[in-house]
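Fold the following.
(one chain, ligands or ions: 1)
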Amino acid sequence: MALSCKRQRDRATIVMKQILYLTPVLREMLWGGRRLAEFGYDLPSGNIGECWGVSAHEKGDCTVRGGRYDGKKLSELWHEEPELFGGGPAVYGDFPLLIKIIDAQDDLSIQVHPDDAYAKEHENGARGKTECWYVLDAAPGAGIVIGHNAKTAEELRSMVTEGRFRELIREIPVKKGDFFQIEPGTVHAIKKGTLLLETQESSDVTYRLYDYDRLQNGVKRPLHIDKSLDVIRVPFEEKRIPTVTRNVDDAEITRYVDCSFYTVYRVAVNGAATIPLSGMFHTLSVIEGSGYLDGSLVKKGDHMLLSAGYGSVRAVGNFTAIVTRV
Ligand code: ZN
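Numbering: from 1, shown residues only. Sure thing, here's the model as predicted:
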């Protein structure tokens, strides 16, 4: 009896304290490039625009690399070992997060995402999309589109139907280290020359408002004008979220956003630090340098999940990571 209790306890400990390395899914995009090779990925040919580093989405499901779950899809593990994720499907439904690195060698379409309520009703129960961007690099003079200049819904409609996009969109300069939270209903676009890490709700619902009249395989990609006009918030109101920075041993921890879908931190380790984690599972994407997490080697381009109830993690080395929790 005592022995079986002990065995159960050991299993619980093994299950609870896991670092799961994920093999990303690389996706070719009209506007992509070759810079994702800088993260050590073996790129297929073509314009590779997105690395889905942490994803259990049906359009790009990451595979666990190494350890006791080697070869499992993240979506399988989500259902088979829910205790790794603090309850998994019973608590969150589908895996809730999607972490991408995006290499924009050309402008992405001007787009907008619905919120959860609109997506549920109009997109077969899909999630809406709240997303945020941490800028990894930006070419001199690079810009980004966030928001629009229409004062009323009527003005928005006429600017869109008359194709006055230059007048409509609000473009701002962007530089390395900037952070932006993009709420549903916000017109936005990543533009040429920007490399960024995106944390978002696990959703692929995008309404394309304008695509610069570009052709893909000889045809224009479809636009979604009516749905865009349905969901765009008018007028646009800029929200700046204050960042909070603290030091833990030799680590600098900056919190960028804490919303109802995710909390995003940047953790920069220069030496050694014991970093406390909340009880939830965390994702961790290394964007610079290398080091060790509880003795496991981590390096630029690695994407990991730390199981729920992990406790604190010992970080050693010189590296920077974006850490997210639901
Ligand atoms: Zn978007």
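
name the element the residue nearest the centre of the chain belongs to?
Note on the chain: the residue nearest the mean C-alpha position is Thr199, at 2.0 Å, using Cα atoms, centre = their mean. Using DSSP states H and E, Thr199 sits within strand 194-201.

Now do that strand: distance to the chain's middle.
On the basis of Cα atoms, centre = their mean, to the nearest Å, strand 194-201 sits 5 Å off its chain's mean C-alpha point.

Outside of the next helix-or-strand element following it itself, list whatever touches it.
Reading on from strand 194-201 to the C-terminus, the next helix or strand found by DSSP H and E is strand 207-210. Contacts of strand 207-210 with the rest of the structure, by Cβ atoms under 8 Å, 6 or more residues apart in numbering, involve 109-114, 160, 165, 187, 221-225, 227-228, 231-232. No exception for glycine: its C-beta is placed from N, CA and C like everyone else's.

just the buried members of these?
Burial by neighbour count, 16 or more other Cβ atoms under 10 Å: within the contacts of strand 207-210 this picks out 109-114, 160, 165, 187, 223-224, 227-228, 231-232.

among these, which two are most distant?
Across those, the longest distance by Cβ to Cβ is 20.3 Å; it joins Pro114 and Phe165.

Just the ones of the contacts of strand 207-210 in helices?
Members of these lying in helices (criterion: DSSP state H): Val160, Phe165, Ile225, Lys227, Ser228, Val231.

Of those residues, which is the nearest to Gly53?
Of all these, Gly53 sits closest to Val231, with 27.2 Å by Cβ to Cβ.

which residues touch Arg255?
Shown in contact with Arg255 (Cβ under 8 Å, 6+ apart): Thr243, Val244, Thr245, Thr263, Val264, Tyr265.

Redo the residues you listed as CSV? Include secondary structure, pLDDT and neighbour count.
Formatted as CSV, those follow (DSSP: H, G, I helix; E, B strand; the rest coil; pLDDT from 0 to 100; neighbours: other Cβ atoms under 10 Å):
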residue, secondary structure, pLDDT, neighbour count
Thr243, coil, 95, 12
Val244, strand, 96, 11
Thr245, strand, 98, 12
Thr263, strand, 97, 18
Val264, strand, 98, 23
Tyr265, strand, 98, 21
